[in-house]
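>>> my questions concern the predicted model and sequence given below.
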Amino acid sequence: MLSDALALNPQGLDGLRLQAKKDGGKESVRAAAQQFEAYFMQMMLRSMRQTLSQDGPFDSQETKTFSDMFDQQIAQSVSKGRGIGLADMLTAQMQASMEAKPGIKLQPRPYDLPAVPSKMPAAGLHDTSKDTSATPRNFVNKLWPHAVDAAAELGVSPHVLVAQAALETGWGKHELHGAEGNSFNLFNIKAGKNWSGATVRADTTEYINGKPVQQAASFKAYGSYKEAFADYARQLKSNPRYAGAIAQGGNAEGFARGLQSGGYATDPMYADKIMRVINSAAFRDGLTAGATDVPAG
């Protein structure tokens with residue numbers, strides 16, 4: 001049961017997390033997740049109030065204090081019920097992390113899409129984006145083994161990873177290139193200050209206040225598609241912003257929306273666009289065509 005005394009007490013929240021890890025029970029895990037959701041909602045409500053005028057005839061330090069207390073109660077009450085969904089995602093992620101064994105890869109969780117075999121024709125496994133035959137079938141054949149490995153690391157479906165790569169690169173037709181050639185950066189991951197590898201400079205579209213703006217940015221450059229998928233999985237696993245996405249497992253739409261809510265892209269339609277790729281005829285044709293290409297025996 002969620003304790004009112006812990007509503008805005010980060011130290012109490014840390015203690016609840018430790019207790020959840022200690023006893024491993026569902027109730028304590030759920031309580032910790034609800035506590036975090038209540039704290040998050042309180043901060044959100046406080047930020048919303050700061051956008052309002054603070055100089056009204058009835059505004060005073062006392063009214064601000066009571067407003068904070070009211071927001072705290074609202075956050076507690078909402079989190080005790082169905083909440084906003086954050087506690088559900090955190091509960092699933094915390095339980096999965098406690099149950100997972102070190103060194104053991106999670107199995108990919110396929111959803112309702114045509115199955116693609118892990119064995120693909122050798123001709124399809126080459127690292128180049130300048131094929132004149134950049135078709136969905138070739139794209140899937142080329143990337144599928146790497147998507148399977150990355151999906152196993154994340155415990156999600158490889159289909160949604162291929163779909164995201166297809167969206168980011170236009171089915172491989174618009175991969176980033178630099179002076180050294182192809183960057184193999186299928187997911188358009190930017191090079192942060194901690195990246196010591198090669199980079200490629202390119203223009204990108206960012207959405208600021210809902211409006212598209214062209215900006216120049218540095219992106220990571222890899223030596224192969226395998227490296228790109230491995231770094232993508234590493235980025236998602238190491239960043240708590242994407243815990244909600246990973247917790248969705250084989251739920252493609254949940255994973256896509258988890259990426260968007262975690263800030264993977266500024267495009268407000270990013271999740272919808274991934275789902276359009278997944279539901280497109282081109283994607284399904286690429287999957288089924290790849291299956292028919294596997295040599296007998």
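Ah, there it is.

>>> in the protein, where is pLDDT below threshold?
1-29, 32, 54-58, 79, 82, 93-134, 286, 288-297 (pLDDT under 70).

>>> and it, what are its domains?
Using automatic domain parsing, the domain parsing of the chain gives 4-99, 122-292.

>>> how about those domains in CSV, adding mean neighbour count?
Any C-beta I mention is one placed from the backbone N, CA and C, and that applies to glycine too. As requested, those are exported to CSV (neighbours: other C-beta atoms under 10 Å):
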stretch, mean neighbour count
domain 4-99, 15
domain 122-292, 18
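
>>> quick one: residues contacting Ala87.
Residues in contact with Ala87 (C-beta atoms under 8 Å, 6 or more residues apart in numbering) are Arg30, Ala33, Gln34, Phe36, Glu37, Ser79.

>>> give me the three-state assignment for the fourth one.
The one in question is Phe36. Applying DSSP: H, G, I helix; E, B strand; the rest coil to Phe36 yields a three-state assignment of helix.

>>> in this structure it contacts Leu86, no?
Yes - assessed by C-beta atoms under 8 Å, Phe36 is found in contact with Leu86 at 7.3 Å.

>>> secondary structure class for Thr205?
Thr205 ends up strand, using three-state DSSP.

>>> tell me the contacts of it?
Here Thr205 is in contact with Pro212, Val213, Gln214, Gln215, Asp267 (C-beta under 8 Å, 6+ apart).

>>> go again using 10 Å as the cut-off
Pro212, Val213, Gln214, Gln215, Ala265, Thr266, Asp267 (C-beta atoms under 10 Å, 6 or more residues apart in numbering).

>>> confirm Leu236 sits in a helix?
Yes - assigned with three-state DSSP, Leu236 falls within a helix.

>>> so who does the closest residue to it other than its chain neighbours touch?
Using C-beta to C-beta, 6 or more residues apart in numbering and skipping residues adjacent in sequence, the residue nearest Leu236 is Tyr242, 4.5 Å away. Contact analysis of Tyr242 by C-beta under 10 Å, 6+ apart lists Gln93, Leu154, Gln235, Leu236, Phe255, Gly258, Leu259, Ser261, Gly262, Gly263, Tyr264.

>>> would you turn the residues you listed into TSV with secondary structure and distance to Arg49?
Below are the contacts of Tyr242 laid out as TSV (DSSP: H, G, I helix; E, B strand; the rest coil; distance: C-beta to C-beta, whole Å):
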residue	secondary structure	distance to Arg49
Gln93	helix	30
Leu154	helix	38
Gln235	helix	35
Leu236	helix	34
Phe255	helix	33
Gly258	helix	28
Leu259	helix	30
Ser261	helix	23
Gly262	coil	25
Gly263	coil	24
Tyr264	coil	29
